[in-house]
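Chemist: sharing a model that was predicted from the sequence below.
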Amino acid sequence: MRGSNNQYLIRVSIFLILILVITILVYPVLQSAFLSNIYINAIIIFSLIFGLGFNIFHLSQLNSYYSILANFNIHKSPQAFMNQPDLLKNLAHQLSENDGHYTFKSSKIEKILESVDVALASVKETSRYLVGLLVFLGLLGTFWGLLKTIGSVGNVIGGLGIDDTNVAGFFNSLKDGLNAPLQGMSVAFSSSLLGLAGSLILGFVDLQLSQSQNKFFQFFEKVIQNNSSPDFIASNT
């Protein structure tokens, strides 16, 4: 019995390469957008990188789990699981020996599957929280920029005075005063752009992780059931 989630890692790799190419092509625009609001945009970029690392790490970990389960041998000691991550390490305590064979008790299968499902769900919830965090940070930057825009427009209007003898000065004052509102709009749009783009990127990787988890759980369930024995047999050790 073999299984692998390499296809999901390959999809993520191709997708991220495409994103990197697009980023390089539009780098001047992205740089200008980033510099318009360094602090919030830096948090958005950091959250995106952290989220990508989190998802890719767990995708790779699932691939490792696949390999271990695919090589499961009922004649080998459960010590094979002892040096593995917690998700598989606990399996060593659920194995029972019978005539040199190590199998899982049928009565323990539901408990084992439930514990694995909870562990996978925890990872999935964290990943989706990070996607939502990027959307929130984008909206936070948007509203921050809009607040600056509204306040600046009010200051511009309040500072204008119509003087028939100095029309040129009036328009120069108006032009200078509009710089602040335009900067506020730049903050709003740049944060919105980075936040939504980041959530789209991380959302795709999260989708691959979710599909990989579903496939792994089905594979895990099949391995456990194919290597189980009734309690009355497993207890004769």
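Modeler: It's in.
Chemist: so what's the nearest residue to residue 213 once chain neighbours are set aside up against?
Modeler: For residue 213, ignoring the flanking residues on the chain, the nearest one in space by C-beta to C-beta, 6 or more residues apart in numbering is residue 120 at 4.7 Å. The way it works is simple: take the backbone N, C-alpha and C, and place the C-beta from them, glycine included. Shown in contact with residue 120 (C-beta atoms under 8 Å, 6 or more residues apart in numbering): 213, 216-217.
Chemist: which stretch of helix or strand covers residue 18?
Modeler: Assessed by DSSP states H and E, residue 18 sits inside helix 6-25.
Chemist: which strands and helices sit next to that helix?
Modeler: helix 38-70, helix 179-226 (3 or more C-beta pairs under 8 Å, 6 or more residues apart in numbering; DSSP states H and E).
Chemist: between the ones you listed, which one is nearest to residue 28?
Modeler: Across the helices and strands packed on helix 6-25, residue 28 has its closest neighbour in helix 179-226 (13.4 Å, C-beta to C-beta).
Chemist: tell me what the closest one is packed against?
Modeler: In terms of contacts (3+ C-beta pairs under 8 Å, 6+ apart), helix 179-226 is packed against helix 6-25, helix 27-35, helix 38-70, helix 106-159.
Chemist: lowest average pLDDT across those?
Modeler: Here the helices and strands packed on helix 179-226 differ in mean pLDDT, and the lowest is helix 106-159 at a mean of 80.
Chemist: orientation of that helix relative to helix 38-70 in degrees?
Modeler: 170 degrees (axes from the mean of the first three to the mean of the last three C-alpha atoms, to 10 degrees).
Chemist: got the angle for helix 106-159 vs helix 179-226?
Modeler: Going by the same axes, to 10 degrees, helix 106-159 makes 180 degrees with helix 179-226.
Chemist: state the distance from residue 118 to residue 60.
Modeler: Noted for residue 118: a distance of 21 Å to residue 60, by C-beta to C-beta, to the nearest Å.
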